[in-house]
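Peer 1: My questions are about this predicted structure, shown below with the sequence.
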Amino acid sequence: MYLVIICHNCGQFLLAKTGQKTRRCPYCETRLVLDKAKKVAHTKTAQEASSVIRALKRKNSVGSL
Ligand SMILES: [Zn+2]
């Protein structure tokens, strides 16, 4: 299972595998603790998770970077 989480530092969506304890944000290098991270979706495959991320980015269209 995969999780889509939000980096509390830079606000980007990232993909994490369930069972992982921490995940480093590829955008700002912050170490995120998965238990405490804000989870936005739960998917079965990495592909599904990345399409969720794409959809979320489109919807929010924050795109400040
Ligand atoms: Zn970040």
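Peer 2: Received, thanks. Numbering: from 1, shown residues only.
Peer 1: Grab the nearest non-local neighbour of the residue nearest the centre of the chain.
Peer 2: Among the residues of the chain, the one closest to the centroid is Leu14, at 2.3 Å (CA atoms, centre = their mean). Nearest residue to Leu14, sequence neighbours excluded (CB to CB, 6 or more residues apart in numbering): Ile5, at 5.6 Å. No exception for glycine: its C-beta is placed from N, CA and C like everyone else's.
Peer 1: and that neighbour, what are its bridge partners?
Peer 2: Leu14, Lys39 (DSSP bridges).
Peer 1: circling back to that earlier point, the residue nearest to the centre of the chain: what's it in contact with?
Peer 2: 4-7, 23, 25-27, 32, 53 (CB atoms under 8 Å, 6 or more residues apart in numbering).
Peer 1: Show me those residues that map onto helices.
Peer 2: Ile53 (DSSP state H).
Peer 1: ok, and which of the contacts of Leu14 reach the ion?
Peer 2: 7, 25, 27 (CB under 5 Å from the ion).
Peer 1: The last one reaches Cys7, doesn't it?
Peer 2: Yes. Tyr27 sits in contact with Cys7 when judged by CB atoms under 8 Å, with a separation of 6.6 Å.
Peer 1: Give me the more crowded residue out of those two.
Peer 2: Cys7 (20 against 14; other CB atoms under 10 Å).
Peer 1: so what pLDDT did the closest residue to that one other than its chain neighbours get?
Peer 2: Spatial nearest neighbour of Cys7, excluding adjacent residues (CB to CB, 6+ apart): Cys25 at 4.3 Å. We have a pLDDT of 96 for Cys25.
Peer 1: for Cys25, what are its contacts?
Peer 2: 7, 9-10, 12, 14, 31-32.
Peer 1: mind checking the backbone torsions on it?
Peer 2: phi -70, psi 120 (degrees, to the nearest 10).
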